[in-house]
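Visitor: coordinates only, no sequence provided:
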């Protein structure tokens, strides 16, 4: 499923291969990296970071423990399949469903 993410979007982590404790955390998407691609993002004067995974991933920041090839608290590489978008464009639908239940 493609969510057409873009840098700056917020997303909810809904799955994780290495760190299931990351599930339910909200992150900001920073940079989409293909396998072996080096990004341009610097974090706390560290980086740039390279996607050493075998699939394309999003470099994300948030209140998360390191759970990817990057061993830095607050920064991780996450597969798009483990991310659910948190955009305002679906909020009215949720509001309508809440009104229907009430």
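Guide: Happy to help now that I have it. Because the structure is a prediction, the values reported are computed rather than measured. Numbers count the residues shown, from 1 in each chain.
Visitor: flag the shaky bits of this structure, pLDDT-wise.
Guide: Applying pLDDT under 70 to the chain flags residues 1-3, 66-71, 88-102.
Visitor: run the last query once more with 90
Guide: Within the chain, the stretches with pLDDT under 90 are 1-4, 16-22, 39, 41-53, 63-77, 87-102.
Visitor: can you list the strands that the longest strand anywhere in it pairs with?
Guide: The single longest strand within the chain, with elements called by DSSP state E, is strand 26-33. Paired with strand 26-33 in the same sheet, following DSSP bridges, are strand 10-13 (antiparallel), strand 57-62 (antiparallel).
Visitor: how about the ones you listed in CSV, adding distance to residue 51?
Guide: Any C-beta I mention is one placed from the backbone N, CA and C, and that applies to glycine too. Converted to CSV, these look like this (distance: least, CB to CB, whole Å):
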stretch, distance to residue 51
strand 10-13, 17
strand 57-62, 5
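Visitor: okay, helices next: where are they in this protein?
Guide: Using DSSP state H, the helices assigned to the chain run over residues 91-101.
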